[in-house]
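> Attaching a predicted model along with its sequence, questions to come.
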Amino acid sequence: MTAIANDIELEPLGSAALGDQPVLNTPWPFLGAVKVQVSVRVGTARTSVAELLDMKQGSVLALDRLVDEPLDVLVDGHVVARGMLVAVGDHFGVRITEAAAATSKS
């Protein structure tokens, strides 16, 4: 099966403020110095090793996300927010559109 791939063009991130509320709230301000790994999950795909080995330069691996679906923002492997892909100069960025609901454990 041949997938048709279309390049997408990202609009540059504007400087207009979307809101002044922090994405993550904490009652402990000293946590601000703790370093964490932040990653963004664009999507996932399931395939066989044989299909991966058959891929050539220019091959397309289709992901399970639609182009206009929000991306997952993960902190140390845990989804903490969702957002949209943007261009920040020559780099990719994520505009946060929603924060994950906090859950409490008893």
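Arrived safely. Numbering: from 1, shown residues only.
> drop to CA atoms for contacts and neighbour counts, all remaining ones
Fine.
> how distant is the strand ranked longest in the chain from the center of its chain?
Counting by DSSP state E, the longest strand found in the chain is strand 78-88. Put simply, strand 78-88 sits 4 Å off its chain's centre (CA atoms, centre = their mean, to the nearest Å).
> and whatever helix or strand comes next after it, which strands flank it?
Next in sequence after strand 78-88, counting helices and strands by DSSP states H and E, comes strand 91-99. Taking DSSP bridges as the criterion, strand 91-99 pairs within the sheet with strand 78-88 (antiparallel).
> quick one: average pLDDT of stretch 53-69?
Averaged across stretch 53-69, pLDDT comes to 92.
> ends of it, how far apart?
29 Å (CA to CA, to the nearest Å).
> residues near residue 41, how many?
14 (other CA atoms under 10 Å).
> Kindly report the same for residue 73.
24.
> swap in residue 81?
Residue 81, neighbours per other CA under 10 Å, totals 20.
> hang on, it packs against residue 100?
Yes. Using CA atoms under 8 Å, residue 81 is in contact with residue 100, at 5.0 Å.
> what's the distance between the residue nearest the centre of the chain and residue 51?
To find the centre residue of the chain, average its C-alpha atoms and take the closest one (CA atoms, centre = their mean): that gives residue 40, at 3.1 Å. Separation of residue 40 from residue 51 (CA to CA) stands at 25 Å.
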